[in-house]
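1. Okay, here's the prediction I keep looking at, along with the sequence it came from:
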Amino acid sequence: MKLGIVAVGHKLPEWVTKGCAEYIKRMPRELPLLVVEIKPEARGARGAKTREQLLAAEKTRMQATLQGFKRIVVLDERGADLTTLKLAQRLQDWMRNGGDTAFIIGGADGIDEALKRQADETFRLSSLTLPHAMARLILCEQLYRAVSVINNHPYHREG
């Protein structure tokens, strides 16, 4: 099984890229993690495109990268609130059931509603509004942390 993060945004700060690379490197061989960047849709002169047009264009690019993923998880501020242990349980269930899993992080305007409805699950990383680059790094870390819980590695300490 492999995990993918499909995230709108490119040209991120170096600290985000390096942080994600560190957690990707730590993932076990049997559960590789990859990040696919989706270029944000250009807004056009003076907001020539509506929010719906922007999201639809980004959705088309996202769907092209989602081919082959059995399970789609959308990250959304209105999604379910998971603890790290619950994420680890979900991840373990997904591993048992097989099939690659993709996590979608939208851009500044969010995620197309039709794409949200296609998702198998929706959860949030925080009740706070996070910058998209930060959300990407936090998700990489949390996926590694969930794997460490599954493998009884001391990285995660439940207090």
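-> Ah, there it is. Numbers count the residues shown, from 1 in each chain.
2. distance of L3 from E22?
-> For L3, the distance to E22 equals 16 Å [CB to CB, to the nearest Å]. For the C-beta atoms, the positions are set from N, CA and C on the backbone; glycine is no exception.
3. Next SSE downstream of the strand or helix carrying K116?
-> Using DSSP states H and E, K116 falls within helix 113-118. Toward the C-terminal end, the helix or strand that comes next after helix 113-118 (DSSP H and E) is strand 121-124.
4. just to revisit the earlier point, more neighbours, L3 and E22?
-> L3 (26 against 13; other CB atoms under 10 Å).
5. is it true that the more buried one touches C140?
-> No - L3 is not in contact with C140 according to CB atoms under 8 Å; the separation is 9.6 Å.
6. Name the residues contacting each of those two.
-> Residues touching both L3 and C140 by CB atoms under 8 Å, 6 or more residues apart in numbering: L33.
7. At the geometric centre of the chain, which residue do we find?
-> The residue lying closest to the centre of the chain (CA atoms, centre = their mean) is F103, at 3.5 Å.
8. State the paired neighbours of whichever strand or helix holds it in the sheet, together with their directions.
-> Following DSSP H and E, one finds F103 within strand 101-105. Next to strand 101-105 in the sheet, as set by DSSP bridges, lie strand 3-8 (parallel), strand 71-81 (parallel).
9. which residues touch the first one?
-> Meaning strand 3-8. Contacts for strand 3-8 (CB under 8 Å, 6+ apart): 27, 31-40, 58, 62, 65-66, 69, 100-107, 132, 135-136, 139-140, 143.
10. Please consider this matter closed, and thank you.
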